[in-house]
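Chemist: Following is a predicted model, sequence given first.
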Amino acid sequence: MASALRARITAAYRADEAAAVHALVSEAALAPEALAATQRLAASLAQGVRAARSTAGGVDALMLEFSLDSREGVALMCLAEALLRIPDPATRDRLIRDKIGRGDWRAHVGKSPSLFVNAAAWGLLVSGQLVDSRSDSALEAALTSLLRKGGEPLIRKGVDLAMRLLGKQFVTGRTIAEAIDNAREREARGYRYSYDMLGEAALTAADAERYLAAYENAIDAIGDASQGKGVYAGPGISIKLSALHPRYSRLQRERVLAELLPRLLHLAQRAGRRDIGLNLDAEEADRLELSLDLFERLAADPALIGWNGLGFVVQAYQKRARAVIDWVVDVARRNRRRVMVRLVKGAYWDSEIKRAQVDGLDGYPVFTRKVHTDVAYLACARAMLAAPDAVYPQFASHNAFTIAAVHTLAGDADYEFQCLHGMGESVYDQIVGADKLNRACRIYAPVGSHETLLAYLVRRLLENGANTSFVNRIVDPRIDIAELVADPVAGARENAGAPHPRILLPAALYPDRKNSRGIDFSDESALSALEAELAVAPPRSEARPLLGGPEMDDRHTPTSVANPANRDEPVGLVTMASVADVERAVAIAASEGMSWARTAVAERATCLERAADLIEHERGPLIALAVREAGKTLVNAQGEIREAADYCRYYAAQARRELALATPRGPMACIAPWNFPLAIFVGQVTAALAAGNPVLAKPAAQTPLIAAAAIELLHRAGVPRAALQLLPGRGDTVGTALVADPRIAGVLFTGSTAVARGINRELARRDDDPVLVAETGGQNAMIVDSSALPEQVVTDVISSAFDSAGQRCSALRVLCLQADIAERVLTMLKGAMAELTLGDPRRLDTDIGPVIDAKSRDALAAHVDRMRAAGATVFQLPLPAACANGSFFPPTLIEFERIAQLEGEVFGPVLHVVRYREGELASVVASINATGYGLTHGIQTRIDETVEAVCKRIRAGNIYVNRNMIGAVVGVQPFGGEGLSGTGPKAGGPHYLRRLVWEPVDAAATAIYAEQTLPGP
């Protein structure tokens, strides 16, 4: 029974939306009499809210005036999010000028009856007094004058106070003691409280320890305040699981269960001794099953027998919600306890949709229509009310219809409502109290400093600023009350449960091609399928020259290819091509291979689309090869599969659209790197094939096996052998012979700058205009000013610098930190580095695998030794003993004075850090440009003016703002550089194929490439 219920949860993860809604409608439907009563009560509540808010201020009025589809609403959010945590006055002033100066604040002044809104509209308090809305013209003149005269300190003080006022609307108190004291007035009116210690997911062990101590202190303080009221009538606490462990994810499941469960049990026992409630808060969908594992173990622990304060939060917008309710009820009954269940709508909808789209997942974990979430909520509510022995229901909602429906369904049952501090009181003031509906309401009360408000505030603003949010709509007089209290079941029946027409499934994201299919590493079903696919992958592979004609007999002796994670483990055999093989292959390409040029564009495109399907179908063997031959982690290996499939489909679609009249150039040499032995290899090959050119493919000498597997799939897809030949071998033999052959019409190269220069020189000797498209290295930098969020910076730096063992062309090499936040960021960064797992890439919990070979490892070690000898400060993780037999190199951080101290690109998990002072931004940009590279660049700031200034001055092919710097998506973020980082059009972009054909090419397109040559001799 228990396993079957758990399996239901897993199966519902990304279920078809229409089928999921259909299964819920009958449970959620109200009888006609009950529906009529519900709508009468809902209308009364909504009218009461409007009447109260016509004179009240606060965040509700603020959100109505400053919607997030306005520039001013976004500016207000940015100010509230960043201002109070910026340490230096100069950056705070720049943020204020940036946000206030760009908004049309006068358009908002005087429109709202709320004085709070009008104060926020101006963003300042003059001489410590709130400005009356009728003095807007004088205030505008004062503001203009202050900005012109440099009155930043006064404005800064005013905006600072205004932002603190905004923060106070969302936070009950800065400390638990202050929050408990502030709660007394509403507790006297019948409200209850559940306190939440504000903070985001822990990134370091120190973060987790700090949050643990905060929870311990809060439990003790809440227990004292409860005065024996018990888990239902007294206050409680909400626990954010990711705050208590720095690696709270499915990939680290065993570690989390071993380390986090004891902490949770400790807190639960502490709450049990105080007889207060403790709820495990809901987080992102990919963490749900891990949260269920922890909850089940807590519920079964004998140390908690006799305490009914353990609680769990269920998000109705998840398709799994209804199955989770049944499972929680079963867990409670099996352990003879009653558990608290808080039912919420859900607060991460935007990120859940985006993550599924970016990751190419099979579907969404959440409903795409709000009305479907409302239906799921009612179905879950009914199931909770039907199990009073197992569940104490807690219904969290600000929606008048939902509240009224629960009230109607529940009758005299034992339950409570819940609302968010600062956002639901105008509804529940009509419910709480003996002279009202006499139902209890517990306020979810955030506790923390204004500086820690960030993520919580942004979620609330996004959640309640959305056009479909009830909190937004209920105060909008343009919306009829009848519309607000419409029956969601009727709405779901009317649309037959169909998903929102503008929110396409991830596979259908692009209009002219399929999105590549990803693996959800939080889905147990997906992990089981991957395990089965890997289990049947061949233990050994082979690569040899694949020419368009009959095989020759004079083959060289094959050599073994070893696993970089374990040099004693052979992965397969490779037979290297000879110079004679190259001669013969080029001859075939220039003769029989040119039949591909005469093949219709549509047929060529169809072959590439079949190849994409085959790559996805054969992902198991390909992932196994990427892991064992190239040292890729499982996550990175599946990323290679996706990128390769995306290249096939993107270039096929582009060829269909643009190349019907184009003339292919002729045989193309594709020389690929080892760091993306499938994705870049396939990208080069399919681009040349899409353009009608026969291909001679030379994979990196370190990774020939996966290249041979890709060539086989392309042949199976219909590409003729004469049009696509494989030449494994060393660069100084096979590569040199290919580039020197005058029959080669062009070279597509990814690799070192030095080799690219040599190719450039060789091709320049010819007078027939051969093509060179080169993507080389980069001294990729990220600039971080003091307005950036340190937690986001650390997360992005960790992935940018150390993902794929730092062996990405786009990887972060130099972090430029504003000195005002450098110590805090570096302390956090080193703590986050310490949480990384270095080891066997076949394990799910491995973060970082080996570098490609011993030569690369030794070069990295020599670089670190040189920097240390030159006086640089080095922080380096220890190398686990299990890594001794592979070419592993530990994540390393080197702090030094100037970027000019770096002699060239350091290709591996080594991050260099330089500090700069506020006001030195221009010189930092200049020093980055002086390296001569221009591949990727990152900017972390909340100031738009800074983004614009850096983008205007920095020389880089790809610039990433407030995110990591890796993982460019084909067709979305075309990838390529300038200067020492490459020449020619960007891969996966709109101009790439046009470079590989003769005509038609317009003058504008020609101009793009005319001056793009590699600098130097």
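Modeler: Looks like it came in fine.

Chemist: excluding its backbone neighbours, what's nearest S927?
Modeler: Leaving out its chain neighbours, the residue that sits closest to S927 by C-beta to C-beta, 6 or more residues apart in numbering is I899, at 4.7 Å. C-beta coordinates here come from the backbone N, C-alpha and C atoms, glycine included.

Chemist: can I get the CA coordinates of the longest strand seen in the chain in CSV?
Modeler: Counting residues, the longest strand in the chain under DSSP state E turns out to be strand 566-574. Provided in CSV are the C-alpha atoms of strand 566-574 (Å, rounded to 0.1, in the frame of the first residue of the first chain):
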residue,chain,number,x,y,z
ASN,A,566,40.8,5.5,-13.7
ARG,A,567,43.8,5.0,-16.0
ASP,A,568,43.7,1.2,-15.4
GLU,A,569,40.3,0.9,-17.0
PRO,A,570,40.3,0.6,-20.8
VAL,A,571,37.3,2.2,-22.6
GLY,A,572,38.0,1.0,-26.1
LEU,A,573,40.5,0.9,-29.0
VAL,A,574,41.3,3.5,-31.6
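
Chemist: From the contact counts, what lies against that strand?
Modeler: Using 3 or more C-beta pairs under 8 Å, 6 or more residues apart in numbering; DSSP states H and E, the elements in contact with strand 566-574 are strand 541-543, strand 559-563, helix 619-630, helix 704-716.

Chemist: Turn those into CSV, including mean pLDDT, distance to A271 and mean neighbour count.
Modeler: Formatted as CSV, these follow (pLDDT from 0 to 100; distance: least, C-beta to C-beta, whole Å; neighbours: other C-beta atoms under 10 Å):
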stretch, mean pLDDT, distance to A271, mean neighbour count
strand 541-543, 97, 55, 21
strand 559-563, 97, 49, 17
helix 619-630, 98, 44, 25
helix 704-716, 99, 53, 24
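
Chemist: Tell me which of the ones you listed sits nearest to A535.
Modeler: helix 619-630 (8.3 Å; C-beta to C-beta).

Chemist: By mean pLDDT, point me to the weakest helix or strand of this structure.
Modeler: When the helices and strands of the chain are compared on mean pLDDT, DSSP states H and E, helix 1003-1010 comes out lowest with a mean of 43.

Chemist: So what touches the longest strand of the chain?
Modeler: 540-544, 558-563, 625, 628-629, 704-705, 728, 840, 854, 885-887 (C-beta atoms under 8 Å, 6 or more residues apart in numbering).

Chemist: Mind doing that once more with 7 Å?
Modeler: Defining contact as C-beta atoms under 7 Å, 6 or more residues apart in numbering, one finds that strand 566-574 is touched by 540-543, 558-563, 628-629, 704-705, 728, 885-886.

Chemist: Now do that strand and strand 559-563, the angle between them.
Modeler: 140 degrees (axes from the mean of the first three to the mean of the last three C-alpha atoms, to 10 degrees).

Chemist: after the helix or strand hosting A214 comes which helix or strand?
Modeler: A214 belongs to helix 205-226 when elements are defined using DSSP states H and E. Proceeding N to C from helix 205-226, the next assigned helix or strand is helix 230-233, under DSSP H and E.

Chemist: Any buried residues in that following helix, and which?
Modeler: The neighbour-count check on helix 230-233 (16 or more other C-beta atoms under 10 Å) flags V231, Y232 as buried.

Chemist: roughly how far is it from the heart of the chain?
Modeler: For helix 230-233, the separation from the chain centroid amounts to 39 Å (computed by C-alpha atoms, centre = their mean, to the nearest Å).

Chemist: ok, and what's touching that helix?
Modeler: Applying C-beta under 7 Å, 6+ apart, the external contacts of helix 230-233 come out as R192, D275, I276, G277, N308, G309, Y392.

Chemist: and the gap between A2 and R189?
Modeler: According to C-beta to C-beta, to the nearest Å, A2 stands 42 Å off from R189.

Chemist: which parts of the helix holding A214 are buried?
Modeler: For helix 205-226, by 16+ other C-beta under 10 Å, it's 205, 207-208, 211-212, 214-215, 218-223, 225-226.
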